[in-house]
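Participant: Give me coordinates for this.
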Amino acid sequence: MANSYLNRTAVSGNSKTWTFSAWVKRSALTSGSYDTFFSADLAVTNSVRITFSSDSSNDKLRVYYYTGSMQMDLVTNREFRDMSAWYHIVVQVDTTQATASNRAKIYVNGVQETSFATSTYPSQNTDTSVNYVNSPHEVGRGGGNLYFNGYLSHVVLVDGTVVAPTEFGSTDSTSGIWKFKSPSGLTFGNNGFHLKFENSGNLGLDSSGETHNYTVNGNLKQSLSTPSNTYATPNPLENLRVGNTSNAPSYSNGSNTVTGSAAANHQWNCGFGISKGKWYWELKALASNPDASIGYRKQTDTSGSMQNLFGFSFANDKKRIDGALSGNAIGSTAQNDIYGMALDLDNGEMFIHRNGTYLSSGNPATRANPFITTSDGLPSEGVFGGHVYDGSVDINFGEGRFGTTAISSAGSNGNGSLFEYDVPSGYYALNTKNINTYG
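Facilitator: Next comes the predicted model:
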């Protein structure tokens, strides 16, 4: 969440040897700044930061220690721009090592990074600001204003020990995918911690057994999206894919708030493509009769704006069929109205409700009066999406909130997901677990 982070002031520990591990999912690309998810800033000129940086390095992973000059600076050659993926990042620092390249190492999804745009290693026996007495440690922020925009899960710091990535993850024998593994038997040291974020009422709870709890600052929210079950979100990379960068909207609140300016009609797409199954999601209009829409479009669309969109236009109160307005006005949209879409790809039918009442007397449970069907040209495969002009909309793909506000009354049949209104029987939230089972 924007302007949210956790912090704790370190006691005296081992500032030469430590391990950091975190599961990280990005929600926006940085622009001339740093997307920082861990820092130890003893002073402006004495700071360790682990960050994604676009300050001349294009969303590359960067680990550095700065004391007026760079004592340690590792910048990967590869970029990390997949908004739908969780990255497992492990940083090992041991400045007691005789070989310079052994003093700092980075692992991503269990594999050591060996190709760097910059590779400055610390001098032997350098004391860093991590685990240094009175050093403010922050999760989700660095430098006072460099906030992380995305999701974090199972954040771990081990004070005084170099720990292998295999203590935090393992390769699935069937899929070959690197997956989460709960660490056990670690000696966390004087400042070590394990933030699971499983307790929604105490997100700073340390589960290491050392009670090194962190203080929550800002409007931090728990997410249902985890490394083992990732929920769909609007994906900023979709604008790059369809060549719509000049008219790209901005994204916030884990990418679930989409904002457009008056300069253009801004297309947005979900990052998960679907071709079968029954799926449900919700959108909140943040203004009365906004120039915005809820819909579904071909994943191969490269036209931008409202073209190739099948759904409902709020400002016009009409259907959109392949981007064009269709039919009679259906009814005006009030600020904070919530729309839900039930898309049945098995039968080629779309249903849309406003505040629980389905438009055109539709009923997805009985398949009566679908709002749009294959006879209208509804695509058999594609992505959820829409457009927004000079305003904002909030999206809920099942994580239980609109922007920073939790849903007020959870509907039934969510299958573990959280929506404002009842999910029709047989429909599911768009997440990796449900896609694997029902998609």
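
Participant: Run a quick neighbour tally on residue 144.
Facilitator: 11 (other CB atoms under 10 Å). (Glycine included, C-beta is placed from N, CA and C.)

Participant: Please tell me how far it sits from residue 220.
Facilitator: From residue 144 across to residue 220, the span is 17 Å (CB to CB, to the nearest Å).

Participant: Likewise for residue 271?
Facilitator: Residue 271 is 23 Å from residue 220, where distance means CB to CB.

Participant: now swap in residue 84 and tell me
Facilitator: 22 Å.

Participant: Mind checking which of residue 271 and residue 220 has more residues around it?
Facilitator: The neighbour comparison of residue 271 against residue 220 (other CB under 10 Å) goes to residue 271, with 21 against 18.

Participant: and residue 160, what does it touch?
Facilitator: 13, 14, 17, 18, 131, 187, 189, 190, 192 (CB atoms under 8 Å, 6 or more residues apart in numbering).

Participant: Tell me which two of those sit farthest apart.
Facilitator: Spatial extent of the contacts of residue 160 (CB to CB) is set by the pair 131 and 187 at 13.3 Å.

Participant: Which one of those two is surrounded by more residues?
Facilitator: residue 131 (28 against 12).

Participant: what secondary structure does that one sit in?
Facilitator: Classification of residue 131 using DSSP: H, G, I helix; E, B strand; the rest coil returns coil.

Participant: Could you tell me the phi and psi values at it?
Facilitator: phi 70, psi 10 (degrees, to the nearest 10).

Participant: doesn't residue 19 make contact with it?
Facilitator: No. Counting by CB atoms under 8 Å, residue 19 is not a contact partner of residue 131; they are 10.8 Å apart.

Participant: Quick check: residue 288 touching residue 334?
Facilitator: Yes. Under the criterion of CB under 8 Å, residue 288 makes contact with residue 334 at 5.5 Å.

Participant: Contacts for stretch 111-127 next, please.
Facilitator: 15-16, 57, 60-61, 65, 70-78, 93, 95-98, 100-101, 103-107, 128.

Participant: how does it look with 6 Å?
Facilitator: 15, 70-77, 95-96, 100, 103-104, 106 (CB atoms under 6 Å, 6 or more residues apart in numbering).

Participant: of these, buried ones?
Facilitator: Buried members of these, scored by 16 or more other CB atoms under 10 Å, are 15, 71, 72, 73, 74, 75, 76, 95, 103, 104, 106.

Participant: For the last one, which residues are in contact?
Facilitator: Taking CB under 6 Å, 6+ apart as the definition of contact, the neighbours of residue 106 are 91, 113.

Participant: Look up how far residue 113 lies from it.
Facilitator: 4 Å.

Participant: Just the ones in strands from the buried ones among the contacts of stretch 111-127, please.
Facilitator: Judged by DSSP state E, the buried ones among the contacts of stretch 111-127 include 71, 72, 73, 74, 75, 76, 104, 106 as members of strands.

Participant: quick one on the thing from earlier: now for the contacts of stretch 111-127: which two are most distant?
Facilitator: Going by CB to CB, the pair spanning those furthest: 15 and 77, at 28.4 Å.

Participant: The stretch 201-350 of the chain: strands as residue ranges?
Facilitator: For the stretch 201-350 of the chain, applying DSSP state E, counting those that start in this stretch gives strands covering 215-217, 250-252, 257-260, 266-269, 278-285, 291-297, 309-313, 318-321, 324-326, 338-344, 349-354.

Participant: For those strands, give me JSON lines that also has mean neighbour count, mean pLDDT and distance to residue 378.
Facilitator: Shown next, in JSON lines, are the strands of the stretch 201-350 of the chain (neighbours: other CB atoms under 10 Å; pLDDT from 0 to 100; distance: least, CB to CB, whole Å):
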{"stretch": "strand 215-217", "mean neighbour count": "14", "mean pLDDT": "97", "distance to residue 378": "44"}
{"stretch": "strand 250-252", "mean neighbour count": "19", "mean pLDDT": "85", "distance to residue 378": "27"}
{"stretch": "strand 257-260", "mean neighbour count": "22", "mean pLDDT": "91", "distance to residue 378": "23"}
{"stretch": "strand 266-269", "mean neighbour count": "26", "mean pLDDT": "87", "distance to residue 378": "16"}
{"stretch": "strand 278-285", "mean neighbour count": "25", "mean pLDDT": "98", "distance to residue 378": "13"}
{"stretch": "strand 291-297", "mean neighbour count": "26", "mean pLDDT": "94", "distance to residue 378": "7"}
{"stretch": "strand 309-313", "mean neighbour count": "26", "mean pLDDT": "95", "distance to residue 378": "5"}
{"stretch": "strand 318-321", "mean neighbour count": "21", "mean pLDDT": "94", "distance to residue 378": "9"}
{"stretch": "strand 324-326", "mean neighbour count": "13", "mean pLDDT": "92", "distance to residue 378": "12"}
{"stretch": "strand 338-344", "mean neighbour count": "24", "mean pLDDT": "98", "distance to residue 378": "9"}
{"stretch": "strand 349-354", "mean neighbour count": "22", "mean pLDDT": "98", "distance to residue 378": "6"}
